[in-house]
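[1] Pasting the sequence and the predicted model now:
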Amino acid sequence: MSKNTSSILPDVSWKERFYRSMIGFGVKFSRRSDGTINRCIMNFFDFKAPPSKQPLDGVKSFDTMVDPTRNLWFRLYIPSASTSTTNVPVIVYFHGGGFAYMSAGSVGCDNLCRRLSKQTGAVIISVNYRLSPEHRYPCQYEDGFDVLKFIDINNTNLEGFPLYANLNQCFIAGDSAGGNLAHHVTVKACEYELRNMKFIGLIAIQPFFGGEERTESEIRLVDGPVLSVKGTDWLWNAFLPQGSDRDHPASNIFGPKSVDISRLKFPATIVFVGGLDPLHDWQIRYYEGLKKCEKEAYLIEYPNAIHSFYGDPGLPETGLFMEDVKDFIQKQSANK
């Protein structure tokens, strides 16, 4: 039997409840019976935040277009506390939304990257990639890696990009579907010789992985807060190549059809897991798979955290999360 999750929902702020409700309404009313999404309806509920060239809560932001034919762009976040004498790490960030929703300009994504930049002191590049089901696998992975190549070549000519940003201390990060993207883009980066960017860490925040098997956490939290198993099934069906099952290597990273990464010089990886997330067990398997491949990996678990808890700065787990990310960045940067 599934667990009644209404009693385990943490006491999120009214602003976060309102924002989550709006996104939830948008998702519900924008899905068509044929498996497509009505973008006009979804955009009505998905509030957007513009870039801010003047410091907003201690962070400036700039938008840069990479390829207008596929609306591929990124938002650059620069903490104003940084100085020209500071070696500042760079984080390439991929937003969540199940590959099908949200953008780099969505209010929730913008707020998260702004807080992350301020609290870690890092320059953040938040990527706006194509969405499914209009654009299925591997479009999102291609978009993510194309942004890496664009920045690797053009960083000195980008508006707002600080000269003191240290491209030898780069991290790839992402939440939920963005965590999945972060892994696959990292694999591509390991197989390609970038000129200037050196990736020393991967930050996987409640990454969206799955498979045909139903795990204990999926059964226990089948109608989990924020994310349900029915919802994740719909998202995989919209993202994966038609005719594929959830054991596709894009979703089941260390499953029966997976790609061996043992040979790759994979960066140190930190995996953030929430105890009340239906994806919990898949995320644990990802961490264990990295260790089995003899990769440097760390697991941080917050037992009372729901999926996307980090969207609410008032939750105690969010404060812990920010400190844990900061510590990981500092430790990896110090070792290089």
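    Sure thing, it's come through.

[2] Who are the contact partners of the closest residue to Tyr137 other than its chain neighbours?
    Leaving out its chain neighbours, the residue that sits closest to Tyr137 by Cβ to Cβ, 6 or more residues apart in numbering is Ala250, at 5.2 Å. The C-beta positions use only the backbone N, C-alpha and C, and glycine is treated the same way. The contact partners of Ala250, by Cβ atoms under 8 Å, 6 or more residues apart in numbering, come to 137-138, 141, 180, 184, 239-240.

[3] what do you get for Ser132?
    99-100, 139-140, 235, 238-239.

[4] re the thing from before, among the contacts of Ala250, who's most crowded?
    Counting neighbours by other Cβ atoms under 10 Å, the top entry in the contacts of Ala250 is Asn180, with 27 neighbours.

[5] Could you find the closest non-adjacent residue to that residue?
    Phe208 (4.7 Å).

[6] ok, that neighbour touching Leu279?
    Yes - the pair Phe208 and Leu279 qualifies as a contact (Cβ atoms under 8 Å) at a distance of 6.4 Å.

[7] Mutual contacts of the two, please.
    Thr232.

[8] Can you point out the buried residues in stretch 28-46?
    30-31, 37, 41-42, 45-46 (16 or more other Cβ atoms under 10 Å).

[9] farthest-separated two in those residues?
    With Cβ to Cβ as the measure, no two of the buried residues of stretch 28-46 lie farther apart than Arg31 and Asp46, at 13.7 Å.

[10] which intervals of the stretch 201-336 of the chain have sub-threshold pLDDT?
    336 (pLDDT under 70).

[11] all helices of it, in order?
    Under the criterion DSSP state H, counting those that start in this stretch, the stretch 201-336 of the chain contains helices at 216-220, 229-239, 280-292, 316-334.

[12] for the shortest one, packing partners?
    The helices and strands touching helix 216-220, judged by 3 or more Cβ pairs under 8 Å, 6 or more residues apart in numbering; DSSP states H and E, are helix 280-292.

[13] Check which helices and strands the helix it packs on sits against.
    Against helix 280-292 (3+ Cβ pairs under 8 Å, 6+ apart) you get helix 216-220, strand 268-276, strand 297-306.

[14] Can you tell me what sits against it?
    Outside helix 280-292, the residues that reach it (Cβ under 8 Å, 6+ apart) are 183, 204, 206-207, 209-211, 215-218, 221, 253-254, 266, 269, 271, 273-274, 277, 297, 299.

[15] How about that helix, which residues are buried there?
    The neighbour-count check on helix 280-292 (16+ other Cβ under 10 Å) flags 280-287, 289-290 as buried.

[16] Tabulate these in CSV, adding columns for distance to Val90.
    CSV is the format used below for the buried residues of helix 280-292 (distance: Cβ to Cβ, whole Å):
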residue, distance to Val90
His280, 30
Asp281, 32
Trp282, 28
Gln283, 25
Ile284, 29
Arg285, 29
Tyr286, 24
Tyr287, 24
Gly289, 27
Leu290, 22
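
[17] so which of the residues you listed would you say is closest to Phe309?
    Using Cβ to Cβ, the buried residues of helix 280-292 come closest to Phe309 at His280, 12.4 Å.

[18] Could I get the full set of strands for the stretch 1-150 of the chain?
    With DSSP state E, counting those that start in this stretch, the ranges of strands along the stretch 1-150 of the chain come out as 59-67, 72-79, 88-94, 123-128.

[19] Now do the first one: distance to the chain's middle.
    What that stands for is strand 59-67. Remark: strand 59-67 is offset 18 Å from the chain centroid, using Cα atoms, centre = their mean, to the nearest Å.

[20] neighbouring contacts of that strand?
    Looking at what lies outside strand 59-67 - Cβ under 8 Å, 6+ apart - the contacts are 51-54, 72-80, 105, 110, 114, 117-118, 146-147, 150, 158-160.

[21] tell me the angle of it relative to strand 123-128?
    Strand 59-67 and strand 123-128 are oriented at 40 degrees to each other (axes from the mean of the first three to the mean of the last three Cα atoms, to 10 degrees).

[22] Comparing the helices and strands packed on helix 280-292, which comes out most buried?
    For these, the largest average neighbour count (mean count of other Cβ atoms under 10 Å) is found in strand 268-276, namely a mean of 23.

[23] what angle do that one and strand 297-306 make?
    Using the same axes, to 10 degrees: strand 268-276 against strand 297-306 is 20 degrees.

[24] Show me what strand 268-276 is packed against.
    Taking 3+ Cβ pairs under 8 Å, 6+ apart as the contact cut, strand 268-276 packs with strand 199-205, helix 280-292, strand 297-306, helix 316-334.

[25] go with 10 Å
    For strand 268-276, the elements it packs on are strand 165-175, helix 177-191, strand 199-205, helix 216-220, helix 280-292, strand 297-306, helix 316-334, judged by 3 or more Cβ pairs under 10 Å, 6 or more residues apart in numbering; DSSP states H and E.

[26] nearest to Ile261, of these?
    Closest to Ile261 of the helices and strands packed on strand 268-276, according to Cβ to Cβ: helix 177-191, at 6.3 Å.
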